[in-house]
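[1] Take a look and give me a structure for this.
(one chain, ligands or ions: 1)
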Amino acid sequence: MNVKIIDLPKHEDPRGNLSFIEEENHIPFKIERIYWIYDVPGGQIRGGHAFKEQNEFIVALSGSFDVIVDDGKEKRTYSLNRSYYGLYIPNGLWRSMENFSTNSVALVLSSTDYNESDYIRNYEDFLISKDER
Ligand code: TYD
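    As a prediction, the model looks like this:
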């Protein structure tokens, strides 16, 4: 599974810390879209789906949550809880996000524009798509 945690630059400063992301430098794709998930009520699960083409990079800008990534054979859980690293998830993997802490913010950098036809929202269809590869 080509999923990986990527450490970002961190400029520590008594005035407050600063981190940043450059496309095709810190993350291995060009950024077409940025979205964020926030005000998640306790116990809710987001993002149970796979993408056919979209690569993404997820950062916990504030608070914490877990990202569960599944290649159809194996599941891995990544706890994101700092804003100076993130999780790179290439296309073709089922992923969901859960255990959001109060006031957490999930920043998602995406390699594609929003396109509903890029989603696989049914887990059985996802498993079939893995078998066809
Ligand atoms: P969705 O990706 O299904 O959310 P999650 O992965 O957290 O379950 O998106 C929820 C809704 O928002 C869906 O109706 C599509 C819409 N949406 C956009 O219009 N543009 C976007 O960039 C995203 C990510 C979602």
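[2] and stretch 21-38, how far apart are its ends?
    One end of stretch 21-38 sits 20 Å from the other (CA to CA, to the nearest Å).
[3] Near the ligand, which residues of the chain are found?
    Applying CB under 6 Å from any ligand atom, we find that the chain lies next to the ligand at Arg33, Tyr35, Ile37, Arg46, Gly47, Tyr114. Where C-beta positions appear, they are placed from N, C-alpha and C, glycine not excepted.
[4] Mind giving me the PyMOL select for the residues you listed, buried ones only?
    Those of those that count as buried under 16 or more other CB atoms under 10 Å are selected in PyMOL with:
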select buried, resi 37+47
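[5] could I get the residues of the chain next to the ligand as TSV with pLDDT?
    Shown next, in TSV, are those (pLDDT from 0 to 100):
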residue	pLDDT
Arg33	98
Tyr35	98
Ile37	98
Arg46	97
Gly47	96
Tyr114	98
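[6] For this structure, which segments are assigned as strands?
    Using DSSP state E, the strands of the chain run over 4-7, 10-11, 18-19, 33-37, 46-51, 56-62, 65-70, 75-80, 85-89, 94-98, 105-110, 119-120.
[7] Could you list the paired strands of the third one along with their orientation?
    Meaning strand 18-19. strand 10-11 (antiparallel) (DSSP bridges).
[8] now the fourth one
    The strands beside strand 33-37 in its sheet (DSSP bridges) come out as strand 105-110 (antiparallel).
[9] do the same with the first one
    Strand 4-7 pairs in its sheet with strand 85-89 (antiparallel), by DSSP bridges.
[10] Great, nothing more from me.
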